[in-house]
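>>> 3D model of this:
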Amino acid sequence: MSQNGGLGKVILKHQILMDTTSERVEGIRHYNGKDWWIIGQNAITEQFTVWLLDKNGFSLNGKMNSGIINNIDYKFALRGYLKFSHSGSVIAEATLGFDGVNRIFLSAIELHRFDPMTGTIYGGVPLSFNLFNEWVYGSEFSSDDTKLYITGSKIWQIDLGMLDTAVINQV
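The predicted model follows:
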């Protein structure tokens, strides 16, 4: 950062960190309040990679964390976003795919726990509420992290206080 009159210097140009992400990249502040975690998800394997960005730069050796395989085929057409809760402890993953044979949308919403101290993603929970031929694309948490709003062909509100997946999946 001290190079180029304080504007910084590009050390390594065009470094490929992940071969396919389908828009899935998100950043969240580290538990220490200074550093950042950068999270990406591979659209083929659905595996998460977590990189640390600190005063020494960007860690090119990201930590691998497994995701939930949502069994949406046609992987190269997957779309959707990752979104962190305001506390930084939960990641919402919205996935949209399209079945070209049956000509229907395929969607999934998953919640994952995140440890902002270690950069570990764990405890994925799939939410599979009445999404037949509906599509989801993005999400947002309420300011107090008690609700999740899912956007796509409709807007859904999920009460996260009922994190019993059997109850949520009946909505």
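>>> CA only for contacts and neighbour counts going forward, please
Fine.
>>> Tally up the residues packed near D115, please.
Neighbourhood size, D115 [other Cα atoms under 10 Å]: 14.
>>> Tell me, how many residues neighbour the closest residue to it other than its chain neighbours?
Distances taken as Cα to Cα, 6 or more residues apart in numbering put S89 closest to D115, at 6.1 Å, once the chain neighbours are dropped. S89 has 15 neighbouring residues, counting by other Cα under 10 Å.
>>> show me what contacts S89?
Applying Cα atoms under 8 Å, 6 or more residues apart in numbering, we find S89 in contact with 113-116.
>>> Could I get the phi/psi values of it?
S89 adopts backbone torsions of phi -100, psi -10, taken as degrees, to the nearest 10.
>>> returning to that earlier point: give me the buried entries from the contacts of S89.
113-114, 116 (16 or more other Cα atoms under 10 Å).
>>> send the alpha carbons of the helix or strand harbouring S107 over as PDB?
For S107, the host element (DSSP states H and E) is strand 104-115. The C-alpha atoms that make up strand 104-115 are tabulated as PDB, following Å, rounded to 0.1, in the frame of the first residue of the first chain:
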ATOM      1  CA  ILE A 104     -38.700 -25.300 -15.200                       C
ATOM      2  CA  PHE A 105     -36.700 -23.200 -12.700                       C
ATOM      3  CA  LEU A 106     -34.900 -25.000 -10.000                       C
ATOM      4  CA  SER A 107     -34.100 -23.100  -6.800                       C
ATOM      5  CA  ALA A 108     -32.600 -23.600  -3.400                       C
ATOM      6  CA  ILE A 109     -32.100 -21.500  -0.300                       C
ATOM      7  CA  GLU A 110     -29.500 -22.600   2.300                       C
ATOM      8  CA  LEU A 111     -28.300 -21.100   5.500                       C
ATOM      9  CA  HIS A 112     -24.700 -21.700   6.800                       C
ATOM     10  CA  ARG A 113     -23.100 -20.800  10.000                       C
ATOM     11  CA  PHE A 114     -19.900 -18.700   9.800                       C
ATOM     12  CA  ASP A 115     -17.200 -18.300  12.500                       C
END
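>>> Centre of the chain to that strand, how far?
8 Å (Cα atoms, centre = their mean, to the nearest Å).
>>> could you say what helices and strands the next helix or strand after it packs with?
Next helix or strand after strand 104-115 toward the C-terminus (DSSP H and E): strand 120-127. Here strand 120-127 touches strand 63-65, strand 104-115, helix 165-168, going by 3 or more Cα pairs under 8 Å, 6 or more residues apart in numbering; DSSP states H and E.
>>> Pick the most deeply packed of those.
Counting by mean count of other Cα atoms under 10 Å, strand 104-115 has the highest mean neighbour count of the helices and strands packed on strand 120-127, with a mean of 19.
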